[in-house]
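Peer 1: Sequence below, structure please.
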Amino acid sequence: MEKYDLVIIGAGPIGMACGIEAKKAGLSYLILDKGCLVNSIYNYPKGMTFFSTSEKLEIGEVPFISHLAKPNRFEALEYYRRVASTWELKINLYEKVDDIIRHDNFFEIISSKGIYWAKNLVVATGFYDYPYLLNIEGENLPKVKHYYDEPHPYFGQKIVVIGAANSAVDVALETFRKGAEVTMVIREKEIRESVKYWVKPDIENRIAAGEIKAYFNSEIVRITPETVEMHTPEGDISLENNFVLAMTGYKPDFTFMESLGVKFQEDEFHTPVYNTETNESNSPNVYLAGVVCGGLKTNKWFIENSREHATIIVKAISSRKDY
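Peer 2: Next up, the predicted model:
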């Protein structure tokens, strides 16, 4: 079995940053990911543009040069491939962690391709793999999508977009402009205030003009192959429908963290317990990095404000007496 000072679960930008800091500190490390490099970014919509400017997405002192004011998904994928190559990071992709067993002074990591030993674990798994489910009849139909790729397949189709945050608004506007008949179903009384300030007036104007239909204070209760059925303030409604795009958000893999002994605060966000000075969780030698630190509040930590987690974690590991 190979032995490491730390094994990092997740090959996103923050997991990569942890590997870079470990390498700089002379620590042995391995990054494992069940998917491709920066898997979450790869699964973003093809035309997605980041909120942040390119310099705020940089890791490992590798410059991120973008041709736009804010970089897009294609540029980000190119950039993080270049970072991985520049630093020659030790990353095993498409290798799922099946089990982790804690022994007296090390962890035994059992993956789909091997077994590793590590003195420390870093959980940098992000949140994009686990969508909030509707938990209603018909959610498993092929017409229901929790991930959005591009607008072309929805040309000439009647689509329902669920949600009132940035993702839902972006999907509604983009598919509408590519020829879809769009209806939004929103539990709240209005579009969320957190929607990007340059986009919010656009969606509100489209709704006011009747170009995009919106049902506020409403929710879908059943989906059939031909319709969606929902409760609205005006009563129950059945709409003919071809696709449902459920942009309801995503959450971290709490079950995985719980299996490592991580506990959670009794707050509305299910925030994990960890030391903010070291990022070590309540479970000894288990460190948290990136968006997982915010629990259900997935808009608290981004690449730009959690890059420092890598430095904090590696400094904490390096400063221990056994190093």
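Peer 1: Same question for stretch 256-266: list its buried residues.
Peer 2: 256-257, 260, 262, 264 (16 or more other Cβ atoms under 10 Å). Bear in mind the C-beta positions are built from the backbone N, C-alpha and C, glycine included.
Peer 1: For it, list the C-alpha coordinates in PDB.
Peer 2: Output in PDB follows, covering the C-alpha atoms of stretch 256-266 (Å, rounded to 0.1, in the frame of the first residue of the first chain):
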ATOM      1  CA  PHE A 256     -19.600  10.900   3.200                       C
ATOM      2  CA  MET A 257     -18.500  13.500   5.800                       C
ATOM      3  CA  GLU A 258     -20.600  11.700   8.500                       C
ATOM      4  CA  SER A 259     -18.900   8.400   7.700                       C
ATOM      5  CA  LEU A 260     -15.600  10.100   8.600                       C
ATOM      6  CA  GLY A 261     -16.900  11.200  12.000                       C
ATOM      7  CA  VAL A 262     -17.600  14.800  11.000                       C
ATOM      8  CA  LYS A 263     -20.400  16.400  13.100                       C
ATOM      9  CA  PHE A 264     -22.700  19.300  12.200                       C
ATOM     10  CA  GLN A 265     -23.900  22.300  14.000                       C
ATOM     11  CA  GLU A 266     -27.600  22.600  14.900                       C
END
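Peer 1: contact partners of that stretch?
Peer 2: 9, 100, 102, 121, 123, 125, 254, 270-274, 281-283, 286, 288, 292, 295 (Cβ atoms under 8 Å, 6 or more residues apart in numbering).
Peer 1: Among those, name the buried ones.
Peer 2: 9, 100, 121, 123, 125, 254, 271-272, 274, 281, 283, 286, 288, 292, 295.
Peer 1: now, among those residues, which is nearest to Glu78?
Peer 2: Thr125 (23.3 Å; Cβ to Cβ).
Peer 1: Could you find the closest non-adjacent residue to the closest one?
Peer 2: Once flanking residues are discounted, Thr125 sits nearest to Gly10: 4.4 Å by Cβ to Cβ, 6 or more residues apart in numbering.
Peer 1: Just send the buried residues of stretch 256-266 back as CSV, with pLDDT too.
Peer 2: Shown next, in CSV, are those (pLDDT from 0 to 100):
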residue, pLDDT
Phe256, 96
Met257, 96
Leu260, 97
Val262, 98
Phe264, 97
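Peer 1: For the residue minimising distance to the centre of the chain, give its distance to Glu139.
Peer 2: The centre of the chain sits closest to Tyr128, judged by Cα atoms, centre = their mean, with a distance of 3.0 Å. To Glu139, Tyr128 is 19 Å away according to Cβ to Cβ, to the nearest Å.
Peer 1: immediately after the longest helix that the chain contains, which helix or strand?
Peer 2: The residue-count maximum for a helix in the chain (DSSP state H) belongs to helix 73-87. Sequence-wise, the next helix or strand downstream of helix 73-87 (DSSP states H and E) is strand 91-92.
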